[in-house]
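>>> Structure for the following, please:
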Amino acid sequence: NSSMLLSLTLLYGYLGASDLSCELFWKLEIKYIQLETIGGHMLLPYLSSTGNEREALKFCDKHVIFQEDHERNAGDTFAMTFKHGTYLESIDFYGFRKRLGTSAVRYSIAVERSILNILQKSTQGLRGVEQVVSNECRELQRFKIQSEDDLLDVSYNQDLSVRPDWAPPLTTASPHGCLDWWDKWDNVGGSCWWQSVNAVNLEEKTSAAYREQFRKSIVHRYMLVQAFGVLISSERSLDQFETFTNEMARTLGVELNKGNDQLRLENVASDSQKLHILTLSVFICSGALMRFTEKPDEANAKDFSDLLNLLQGNIAHVHEVVFSDGSKNLLSQEKIFFGGKAVPFTSTYVREAVSWSALCFQKWQEIVQEMKKKQKKISKSFPDAPPLISQVKRSCVELFEGFKTMSAGLMQKIEVQVLEKNAEDLSTEWVNVVDGDWDQGDRFFREDGQ
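This next block holds a predicted model:
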């Protein structure tokens, strides 16, 4: 039953079991146009939210092949309608070609594919991703996205009617979409506003909001890649970098000209937004460092120091509040194995926020080291620069050490909560969670403790 398979696909996706989600999805023999209408919102966000890069890239590649095949054959198909005298069909083919060419799903998958390619190489360090980032930035620039206004005429080809009533449409193809659902699941009702055939037919205010948020997500992720490309480029442009980061902030509803309080995680309600803001604060701080390198005076040093303190507070907030013992994100056995947001949240935190932060921090080290080497030359124009450069370097090192310590602490917490429990302890806890009988819980575990 296709409806049941799709529902189970989504359920596994939300619980973080992306391999099972993927297996069931492909059992439906999804192909061709269905990659566009169904796959972009029924599979991709759930694969990337658990760091399943292998399957996520497979899906993205299939979608790209479908788009390229259509572009290559569309001319022949169009000409065939004239050859056979079926002129009215030519109008339909033209409309179909236009809708695919201006597809919001096409834009979103292109951006997510670029991010997956970059993060897949992130474990190799900055040197390992430089060429990939350069290639992906160049590949995305063909879409010529400067702001959300450039996407006002995109086509929404998603078939949202296939989603069950407990799983409203995600407003993004990024992994954060899965977390949005967990943040809002208490408010999910039994009625569906998306029961029209597809997104383009929706007239309600909520559907307009859906399309707006989807556009903003595309722009945000696009600007993220472009900003990082500028940061690690040999010819860094502060103006260009700030253009990208300001647009990133705007798509998140953050007005940077109103101060830095909007970047403090304690002021952010949803966990999905916390991860967005954490990554944004790293990029804003990177911009402040670039500004200091251009003009290493006391004012710019103070700006960087203030943002660095904010960033340290944000990192501490994630580890001490979001992952605290009283938090809904605590990595406990029942949430890891028997439902909850811990798997997608932790995976998205590590694969997105931590990966982008680590890459940026590596670039910071290079930037500060370059300034140390040139500080004699710099001091001719800025006499107070040498001690300021040393101060900035020291602050960066303190941040790096704190970041590594907290990351190691989180890894230890995961190991303690999950890996060091034996089968009997786990089955006991599971029985307590579901209030079942011992026989029900114990049969899920083998004698060897797996």
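
>>> which helices and strands sit right next to whichever strand or helix holds residue 223?
Taking DSSP states H and E as the definition, residue 223 sits inside helix 205-232. Helices and strands in packing contact with helix 205-232 are listed as helix 104-121, helix 125-140, helix 238-251, helix 271-294, helix 355-373; criterion 3 or more Cβ pairs under 8 Å, 6 or more residues apart in numbering; DSSP states H and E. In short, each C-beta sits where N, CA and C put it, glycine included.

>>> So which bits of that helix are buried?
207, 210-211, 213-232 (16 or more other Cβ atoms under 10 Å).

>>> got it, and stretch 22-35?
Residues of stretch 22-35 classed as buried: 22, 24-25, 28, 30, 35 (neighbour count, 16+ other Cβ under 10 Å).

>>> how about those residues in TSV, adding pLDDT, distance to residue 13 and secondary structure?
Compiled in TSV, the buried residues of stretch 22-35 are given as follows (pLDDT from 0 to 100; distance: Cβ to Cβ, whole Å; DSSP: H, G, I helix; E, B strand; the rest coil):
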residue	pLDDT	distance to residue 13	secondary structure
22	92	9	helix
24	93	10	helix
25	93	9	helix
28	90	14	coil
30	88	14	coil
35	90	17	helix
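
>>> Pull the most distant pair out of the residues you listed.
Of all pairs drawn from the buried residues of stretch 22-35, the one with the largest separation by Cβ to Cβ is 24 and 35; the distance is 16.0 Å.

>>> elements contacting the helix or strand harbouring residue 378?
Using DSSP H and E, residue 378 sits in helix 375-381. For helix 375-381, the helices and strands in contact under the criterion 3+ Cβ pairs under 8 Å, 6+ apart are helix 385-414.

>>> I'd like the distance from the helix it packs on to the chain centre, please.
Relative to the centre of its chain, helix 385-414 is centred 24 Å away, using Cα atoms, centre = their mean, to the nearest Å.

>>> again with stretch 401-418
Distance, stretch centre to chain centre, for stretch 401-418: 22 Å (Cα atoms, centre = their mean).

>>> May I have it exported as CSV, CA atoms only?
Extracted C-alpha coordinates of stretch 401-418, given in CSV (Å, rounded to 0.1, in the frame of the first residue of the first chain):
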residue,chain,number,x,y,z
GLU,A,401,40.4,24.6,23.0
GLY,A,402,37.0,25.2,24.5
PHE,A,403,35.3,24.0,21.4
LYS,A,404,37.3,20.8,21.3
THR,A,405,36.8,20.1,25.0
MET,A,406,33.0,20.6,24.7
SER,A,407,32.9,18.4,21.6
ALA,A,408,34.8,15.7,23.4
GLY,A,409,32.4,16.0,26.4
LEU,A,410,29.4,15.5,24.1
MET,A,411,31.0,12.4,22.6
GLN,A,412,31.6,11.0,26.1
LYS,A,413,28.0,11.7,27.0
ILE,A,414,26.8,9.8,23.9
GLU,A,415,29.1,6.9,24.8
VAL,A,416,27.9,6.8,28.4
GLN,A,417,24.3,7.1,27.5
VAL,A,418,24.2,4.6,24.7
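
>>> With distance to residue 43 added, can I get the helices and strands packed on helix 205-232 in a markdown table?
Converted to a markdown table, the helices and strands packed on helix 205-232 look like this (distance: least, Cβ to Cβ, whole Å):
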| stretch | distance to residue 43 |
| --- | --- |
| helix 104-121 | 11 |
| helix 125-140 | 22 |
| helix 238-251 | 24 |
| helix 271-294 | 19 |
| helix 355-373 | 22 |
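
>>> and residue 121, how many residues sit next to it?
Other residues near residue 121 come to 17 when the count uses other Cβ atoms under 10 Å.

>>> repeat for residue 368
Summarising burial for residue 368: neighbours were counted as other Cβ under 10 Å, giving 21.

>>> what's the spacing between it and residue 289?
As judged by Cβ to Cβ, to the nearest Å, residue 368 and residue 289 stand 8 Å apart.

>>> Please identify every residue contacting each of these two.
Both residue 368 and residue 289 are in contact with residue 392, where contact means Cβ atoms under 8 Å, 6 or more residues apart in numbering.

>>> Low-confidence regions, the stretch 351-450 of the chain specifically.
Along the stretch 351-450 of the chain, the model assigns pLDDT under 70 to residues 416-450.

>>> at 80 what do you get?
For the stretch 351-450 of the chain, applying pLDDT under 80 flags the ranges 412-450.

>>> what's the neighbour count on residue 239?
Neighbour tally, residue 239, other Cβ under 10 Å: 7.

>>> wait, what's in contact with it?
For residue 239, the set of contacting residues under the criterion of Cβ under 8 Å, 6+ apart is empty.

>>> ditto for residue 407
Taking Cβ under 8 Å, 6+ apart, one finds residue 354 in contact with residue 407.

>>> Check the spacing between it and residue 317 real quick.
Between residue 407 and residue 317 the distance is 14 Å, computed by Cβ to Cβ.

>>> Any figure for the gap between the nearest residue to residue 355 once chain neighbours are set aside and residue 372?
Closest residue to residue 355 apart from its sequence neighbours, by Cβ to Cβ, 6 or more residues apart in numbering: residue 122 at 4.7 Å. Distance check for residue 122 against residue 372: by Cβ to Cβ, it reads 26 Å.

>>> More neighbours: which of those two?
residue 122 (18 against 14).
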